[in-house]
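model this:
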Amino acid sequence: MTFINEEHDEDHVSPCSTTWTRSGYALTVCMCAKERTNAMNTKILIPTSYEREAHFLQALAHPVRLAIVKFLAEGPRCGCEIEPFLALDHSTISRHLATLKRVGALSSYKEGVKVMYRVRDERILELVHAVSTLVVQAIREDLAAVEAKMEVDHDVAA
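Numbers count the residues shown, from 1 in each chain. From the prediction side, this is the model:
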């Protein structure tokens, strides 16, 4: 069913509410709230955009899952290839792969009896690379600050 977007009316509390209508049905959505209200004023809980983004980032925010994504950057791999690479048991790898699939970071397909995994969108790899670059930069800055402090301490002691 396609809904037609209309301007929100005076009854809406939130300025970010939008109402869609079609064939006498209305659906009001407020992107800053956790609920949708339909024409019968029934509230349906939904995750907001920020919550979905946070959920996606939380899925990536685990060392094992980051390692899996980086391992898959070279192309599709079988789950059986991931286990020896990370030196973890099958159930642990399966749990992390399922988490990444659930948020849409990975997809899988069968190739004979093997289940192959791949990064679903190149932008995920770009995001992981950007985070890695930021972390390396922060480490370099921290090291430079420590070296500068050591020089100052050395000069004071001399």
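
show me what the longest helix belonging to the chain is packed against.
Once the chain is assigned using DSSP state H, the helix that runs over the most residues is helix 122-157. Contacting helix 122-157 under the criterion 3 or more Cβ pairs under 8 Å, 6 or more residues apart in numbering; DSSP states H and E are the following elements: helix 49-60, helix 63-72. The way it works is simple: take the backbone N, C-alpha and C, and place the C-beta from them, glycine included.

what's in contact with the last one?
It stands for helix 63-72. Helix 63-72 is contacted by residues 59-60, 77, 82, 85-86, 88, 92-93, 96-97, 99-100, 105-106, 117-119, 124-125, 128 when judged by Cβ atoms under 8 Å, 6 or more residues apart in numbering.

for the closest residue to A73 other than its chain neighbours, give me the pLDDT.
Here the nearest residue to A73 in space, its sequence neighbours aside, is L125; by Cβ to Cβ, 6 or more residues apart in numbering that works out to 5.2 Å. Note on L125: pLDDT of 97.

L125 contacts G75, doesn't it?
No. Look at L125 against G75 with Cβ atoms under 8 Å: they stay out of range, at 11.1 Å.

re the thing from before, give me the angle between the longest helix of the chain and helix 63-72.
Computed with axes from the mean of the first three to the mean of the last three Cα atoms, to 10 degrees, the direction of helix 122-157 lies at 120 degrees from that of helix 63-72.

quick one, helix 122-157 and helix 49-60 angle?
Angle of helix 122-157 versus helix 49-60, following the same axes, to 10 degrees, is 70 degrees.

follow-up on the earlier one: so for L125 and G75, which sits in the more crowded spot?
For L125 against G75, the residue with the higher neighbour count under other Cβ atoms under 10 Å is L125, and the figures read 15 against 9.
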